[in-house]
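Undergrad: need a 3D model of the sequence below.
(one chain, ligands or ions: 1)
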Amino acid sequence: MSSVAVVLFTSDLRLHDNPVLRAALRDADEVVPLFVRDDAVHRAGFDAPNRLAFLADCLADLDAGLRDRDGRLIVRRGGTAREVKRVVEETGAESVHIAAGVSGYAAQREERVREALAGTGCDLRVHDAVVTALAPGRVVPTGGKDHFAVFTPYFRRWEAEGVRGTLTAPRTVRVPDGVSGDALPDRDTIKNLSPGLARGGEKAGRKLVTSWLHGPMAGYEDGHDDLAGDATSRLSPHLHFGTVSAAELANRAREKGGAGGEAFVRQLAWRDFHHQVLAARHDASWSDYRPRHDRWRSDEDEIDAWKTGHTGYPLVDAAMRQLAHEGWIHNRGRMLAASFLTKTLYVDWRVGARHFLDLLVDGDMANNQLNWQWVAGTGTDTRPNRILNPVIQGKRFDPDGAYVRRWVPELAEVKKSAIHEPWKLKGPDRAGVDYPDPVVDLAEARSRFERARGLG
Ligand SMILES: Cc1cc2nc3c(=O)[nH]c(=O)nc-3n(C[C@H](O)[C@H](O)[C@H](O)COP(=O)(O)OP(=O)(O)OC[C@H]3O[C@@H](n4cnc5c(N)ncnc54)[C@H](O)[C@@H]3O)c2cc1C
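TA: Numbers count the residues shown, from 1 in each chain. Just a heads-up that it's a prediction; the model follows:
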């Protein structure tokens, strides 16, 4: 009789460089490639339409890739532990393989699967360095701490440790007969999608990687902050869903080398850095990593102006409108939008993080929550009280105003000298522009924040 293993796909929706799939294929003659659409994700409001649509693409592509290899994807809906147990009982599987996750949800899911399998004779095997390039906890600071709280020393150790080797995709995946699944989710039935949403799937991800490595990555060091140039990889949703492997990407970028390659690999280490923080501190998803005793403001009109891109600060508004349109924002735009909400308006970072999670196609517990905390000064930033000024940021990172004009069409005709300060326009020039006055005065907002943090 053939032996069977289950591969429980989670944030690793790929066939290339997938240690989970490879290990299952080594263990058994036949493999059940399983994805469970867990009701808990829905209950937590984490299946936002943009991510659900991207996920639908990923699952369809994974299924197609498996079919090319004589297999298929089994999708089930319900509780993950219950569905895994059912598949184990139906197939007599002797092992279940899963990637180690970093969030509280992932830890709980793993625990529930372990409990469900207890007494069945089927082992749970958890694989590291699947979701991240380097496994969380693989490098730790001297002195007994379980994670790094500062990026630079982490990065030194990350680089010295090196990333595991890349694995090839399997040629054949034999799936036992008679295992039933639900229909794949249908992207076309998902409502409230951002109109400019990217397409998901491993094929799309690998294509993007190849064109990135052989082209724009060379200019990444100089160009990564140029908002209008849009010269970053846009690989974040693929890394989030695991259609692109972080380890393989780091290896390939390193091989390609150059200043662009090095700068890009450093960003992948930032991703690992936030993941190792969350793995050690699940509470940092929604609680201050370093409490500053903030007594946040909550003005609904101001929050609404921020969400809809009507704060009167062009660069903030451009970023927020890009979010609504694409479900994605350039990193510089994310930093500015988050600084404006948490420091200029002095609104709780959780309000902003929730809104980003509702729209971002790459919305991710580690990267979103910990970057929000970093910007809010409740996280790992060693300068927690810095405030980004939207006018200065605009002049520096969008000097011609091309990014603002792209996303805030009301300002399309405004001349370069006033594009980041349209309130300075006079008479008919101002009257002809249907754009709000600033929601807050920057100097007053700065004093308010500094007082609140006990600095002034
Ligand atoms: C407030 C805020 C919220 C954010 N929310 C998310 C999120 O939900 N999901 C997410 O993937 N990223 C998030 N980021 C990090 C970063 O903005 C995005 O990863 C990046 O803009 C994605 O674009 P890219 O793929 O073109 O990045 P590139 O510049 O091409 O970088 C390559 C990869 O490195 C990683 N990376 C880059 N910058 C960071 C960073 N600061 N922290 C962690 N990883 C990084 C990402 O995986 C990215 O895809 C957030 C940043 C801020 C300031």
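
Undergrad: now do the helix or strand where L34 lies, average pLDDT.
TA: Assigned by DSSP states H and E, L34 falls within strand 30-38. What strand 30-38 shows for mean pLDDT is 97.

Undergrad: residues from this protein in reach of the ligand?
TA: Within reach of the ligand by C-beta under 6 Å from any ligand atom, the chain has these residues: 224, 232-236, 239-240, 267-268, 270-271, 274, 330-331, 334-335, 338, 356, 360, 362-364, 367-368, 371-372, 375. In this view, the C-beta of every residue, glycine as well, is placed from N, C-alpha and C.

Undergrad: and those, which are buried?
TA: For those, a burial check counting by 16 or more other C-beta atoms under 10 Å picks out 224, 232-236, 239-240, 267-268, 270-271, 274, 330, 334-335, 338, 356, 360, 362-364, 367-368, 371-372, 375.

Undergrad: I'd like to know which of those residues are part of helices.
TA: Among these, the ones falling in helices (DSSP state H) are 236, 239-240, 267-268, 270-271, 274, 334-335, 338, 356, 367-368, 371-372, 375.

Undergrad: grab the nearest non-local neighbour of T120.
TA: V88 (5.9 Å; C-beta to C-beta, 6 or more residues apart in numbering).

Undergrad: what's the burial count for that neighbour?
TA: By other C-beta atoms under 10 Å, 23 other residues sit near V88.

Undergrad: C-alpha coordinates for the helix or strand it falls within, PDB please?
TA: In the assignment (DSSP H and E), V88 maps to helix 80-91. The C-alpha trace of helix 80-91 is given here as PDB (Å, rounded to 0.1, in the frame of the first residue of the first chain):
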ATOM      1  CA  THR A  80      -8.200  24.000   9.700                       C
ATOM      2  CA  ALA A  81      -7.600  21.300  12.400                       C
ATOM      3  CA  ARG A  82     -10.900  19.600  11.700                       C
ATOM      4  CA  GLU A  83     -10.400  19.500   7.900                       C
ATOM      5  CA  VAL A  84      -6.800  18.200   8.300                       C
ATOM      6  CA  LYS A  85      -8.000  15.500  10.600                       C
ATOM      7  CA  ARG A  86     -10.700  14.500   8.200                       C
ATOM      8  CA  VAL A  87      -8.200  14.300   5.300                       C
ATOM      9  CA  VAL A  88      -5.900  12.200   7.500                       C
ATOM     10  CA  GLU A  89      -8.700   9.800   8.300                       C
ATOM     11  CA  GLU A  90      -9.900   9.600   4.700                       C
ATOM     12  CA  THR A  91      -6.400   8.800   3.300                       C
END
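
Undergrad: which SSE is immediately downstream of it?
TA: According to DSSP H and E, the helix or strand after helix 80-91 is strand 95-99.

Undergrad: strands paired with that next one, and their directions?
TA: Strand 95-99 has its sheet partners listed here by DSSP bridges as strand 4-8 (parallel), strand 123-127 (parallel).

Undergrad: mind listing what's buried in the first one?
TA: This means strand 4-8. Neighbour-count burial for strand 4-8 flags V4, A5, V6, V7, L8 (criterion: 16+ other C-beta under 10 Å).

Undergrad: want to throw those into JSON lines with distance to K307 and pLDDT?
TA: Output for the buried residues of strand 4-8, formatted as JSON lines (distance: C-beta to C-beta, whole Å; pLDDT from 0 to 100):
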{"residue": "V4", "distance to K307": "49", "pLDDT": "98"}
{"residue": "A5", "distance to K307": "46", "pLDDT": "98"}
{"residue": "V6", "distance to K307": "42", "pLDDT": "98"}
{"residue": "V7", "distance to K307": "39", "pLDDT": "98"}
{"residue": "L8", "distance to K307": "36", "pLDDT": "98"}
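
Undergrad: and which of those is nearest the ligand?
TA: L8 (22.5 Å; C-beta to the nearest ligand atom).

Undergrad: mind listing what the closest one touches?
TA: V20, L34, F35, V36, T80, V84, V96, H97, I98, V113 (C-beta atoms under 8 Å, 6 or more residues apart in numbering).

Undergrad: find me the pLDDT at the fifth one, would you?
TA: T80 is assigned a predicted lDDT (pLDDT) of 97.

Undergrad: thought it was touching V113?
TA: Yes - T80 lies in contact with V113 (C-beta atoms under 8 Å); the separation is 6.4 Å.
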